[in-house]
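>>> Give the three-dimensional model of this entry:
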Amino acid sequence: MSDIASDFVRLHATLAPVPFVPEVRLHQADEPIGLWELTEGEFRSDQPPPFWAFAWAGGQALARYVLDHPEVVRGRRVLDLAAGSGLVAIAAMRAGATSVRAVEVDERAVAAILLNAEANGVPVDAELADLLDGDAGDAEVVLAGDVFYSDAMARRMLRFQLRAARAGARVLVGDPGRAFLPRERFRELAVYEVPVPPALESVTVKQTTVWELNPGRPGAAG
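Purely as a prediction, here's the structure:
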């Protein structure tokens with residue numbers, strides 16, 4: 001990954017423990033709105049928001065669940081989709097995964113994942129790619145934190161996850177009540193009260209659920 005992307009992450013984010021997952025330290029931004037404007041440059045809307053710079057509720061809950069239930073990933077190959085900061089990927093490695101592939105569409109996110117993995121002393125394979133029209137490769141577990149935030153993303157994500165599950169992977173997601181989560185397709189595993197930045201969520205705590213995909217349930221986009 002480019003030195004420019006890595007330098008940007010170091011300059012605009014501070015390495016600090018994650019509120020709900022203090023075992024993990026991430027490069028996190030102090031002030032979201034300013035960084036958001038900075039990453040968009042001259043008001044360009046094609047640049048993805050800096051998802052890598054914050055510990056979003058869905059990722060915090062999923063990372064907490066993985067660390068508290070290491071049997072989910074221990075000895076398995078893991079894919080972390082839309083990995084953001086790499087929080088979930090790092091948690092999976094610390095819980096004993098054989099390997100973790102963390103995939104993002106933002107070059108700065110990939111840089112952040114590599115920096116965060118190094119800071120936590122675990123190896124993570126960070127990849128710049130959009131996998132959602134493909135498959136999960138050899139992953140035995142697919143993890144995704146807070147990915148059902150828009151209709152278009154939810155449809156693509158669900159189709160990918162269904163393909164992965166039907167190929168034999170276990171699929172878990174963390175979601176803080178986003179409108180586009182197809183709840184009829186999932187079974188609840190755990191519920192947490194997760195601290196979040198008020199500037200992002202307009203509250204200080206979000207009730208967040210860890211779900212497991214059930215590919216046999218009806219009503220999915222196929």
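>>> tally of neighbours for Arg10?
Using other Cβ atoms under 10 Å, Arg10 is surrounded by 14 other residues. Quick note: C-beta positions are derived from backbone N, CA and C, even for glycine.
>>> which residues are contacting the helix or strand it falls within?
Applying DSSP states H and E as the criterion places Arg10 in helix 3-12. Here helix 3-12 makes contact (Cβ atoms under 8 Å, 6 or more residues apart in numbering) with 27, 29, 35, 38, 52-53, 107-108, 110-112, 114-115.
>>> And that helix, what's buried?
Buried residues in helix 3-12, defined by neighbour count with 16 or more other Cβ atoms under 10 Å: 5-6, 8-9, 12.
>>> What of stretch 117-135?
Buried residues in stretch 117-135 (16+ other Cβ under 10 Å): 117, 120, 122, 124, 126, 131-132.
>>> Also stretch 18-26?
Within stretch 18-26, the residues scored as buried using 16+ other Cβ under 10 Å are 18, 20-21, 24-26.
>>> Stretch 145-154 too?
145-149, 154.
>>> Which ones among these lie within strands?
Counted as lying in strands by DSSP state E, out of those, are Gly145.
>>> Lowest-confidence entry in the buried residues of stretch 145-154?
Lowest-confidence member of those: Tyr149, scoring 91 (pLDDT).
>>> In this protein, spot the helix with the most residues.
Longest helix in the chain by number of residues, with DSSP state H as the criterion: helix 151-166.
>>> Which parts of the protein are helices?
Using DSSP H, helices in the chain cover 3-12, 32-40, 57-68, 87-94, 107-119, 151-166, 198-201.
>>> which strands and helices sit next to the last one?
Here helix 198-201 touches helix 32-40, going by 3 or more Cβ pairs under 8 Å, 6 or more residues apart in numbering; DSSP states H and E.
>>> and the gap between Asp106 and Ala53?
Shown here: Asp106 relative to Ala53, a distance of 10 Å by Cβ to Cβ, to the nearest Å.
>>> Between those two, point out the one with more neighbours.
Ala53 (24 against 20).
>>> Does that one touch Leu87 like I think?
No. Here Ala53 lies out of contact with Leu87, judged by Cβ atoms under 8 Å, at a distance of 11.6 Å.
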